[in-house]
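Student: structure for this input, please:
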Amino acid sequence: MKPEKSGRMDKWAIELGEHDIEFQVRNSIKGQVFADFIAETIDEGEIPSMQIIVLPIKHEEWKLFTDGASSSDGSGAGLMLVSPEGKEFTYALRFEFSTTNNEAEYEALLAGLRLSRDLNKQHLKAFVDSQLVANQVTGTLEARSPTIQQYLAKAKEPSSSLKASR
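Tutor: Numbers count the residues shown, from 1 in each chain. Model prediction:
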């Protein structure tokens, strides 16, 4: 049994029918196919568009993944702490104040640093998807905006001193 066609599809079915050609709808590419493609094209160990920031104390290593975003609908952040055993703790934050994308990225990083400090996790590898934030924290780039300079100073406080690792 053929699927029901309408409008433009009917026109093409008639045109192609004269030549014993059948039109078959092209299925969409599933997410897994795209994920497989990315996995095959990336060098082993490479994470695209992510920078790594590490706290210097060498104890059990926890991982922090952060992402912040801002739009006309509001701003927020997502973060995930991963224990050395692989247990994941995910958090979603919605900010009740307006931010730029860069400010939201810093808010996400600072929230993750506060959370890890509150949980007494001393060795943390942070993955931020903002190259600007990562480069400012590591000192590669300079923060120009006064607001961003304040975020950067907070991220570099002794309780959350960060060093780059690649």
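Student: make it CA atoms for all contacts and neighbour counts henceforth
Tutor: OK.
Student: give me the nearest residue to residue 77, chain neighbours excluded.
Tutor: residue 68 (4.1 Å; Cα to Cα, 6 or more residues apart in numbering).
Student: assign a three-state SS to that neighbour, would you?
Tutor: For residue 68, the assignment made with DSSP: H, G, I helix; E, B strand; the rest coil gives strand.
Student: strands of the chain, start to end?
Tutor: When assigned using DSSP state E, the strands of the chain occupy the ranges 51-54, 61-71, 74-82, 88-95, 123-128, 163-164.
Student: which of these is buried the deepest?
Tutor: When the strands of the chain are scored by mean count of other Cα atoms under 10 Å, the highest mean neighbour count falls to strand 123-128 (a mean of 23).
Student: buried stuff in stretch 142-150?
Tutor: Buried positions in stretch 142-150, judged by neighbour count with 16 or more other Cα atoms under 10 Å: 143, 148.
Student: stretch 114-123 too?
Tutor: 116, 121, 122, 123.
Student: from what I can see the last one touches residue 64, true?
Tutor: If I follow you right, that is residue 123. No. Between residue 123 and residue 64 there is no contact under Cα atoms under 8 Å: 10.4 Å.
Student: residue 138: neighbour count?
Tutor: Residue 138 has 19 neighbours, counted by other Cα atoms under 10 Å.
Student: quick revisit: just name the closest of the buried residues of stretch 114-123 to residue 138, please.
Tutor: The nearest member of the buried residues of stretch 114-123 to residue 138, counting by Cα to Cα, is residue 123 at 16.8 Å.
Student: per-residue confidence for the closest one?
Tutor: We note a pLDDT of 78 for residue 123 in this prediction.
Student: what bridges to the nearest residue to residue 81 once chain neighbours are set aside?
Tutor: In space, and not counting its chain neighbours, residue 81 is closest to residue 64: 4.6 Å by Cα to Cα, 6+ apart. Here residue 64 sits in beta bridges with residue 81, residue 126, going by DSSP bridges.
Student: so how far is residue 8 from residue 126?
Tutor: Distance of residue 126 to residue 8, computed by Cα to Cα, to the nearest Å: 52 Å.
Student: make sure the residue nearest to residue 81 is actually in contact with residue 83.
Tutor: No. When contacts are counted by Cα under 8 Å, residue 64 is not listed as touching residue 83 (9.1 Å).
Student: list of residues touching stretch 97-110?
Tutor: For stretch 97-110, the external contacting residues (Cα atoms under 8 Å, 6 or more residues apart in numbering) are 66-71, 74-79, 128, 130, 132-133, 148, 151-152, 154-155.
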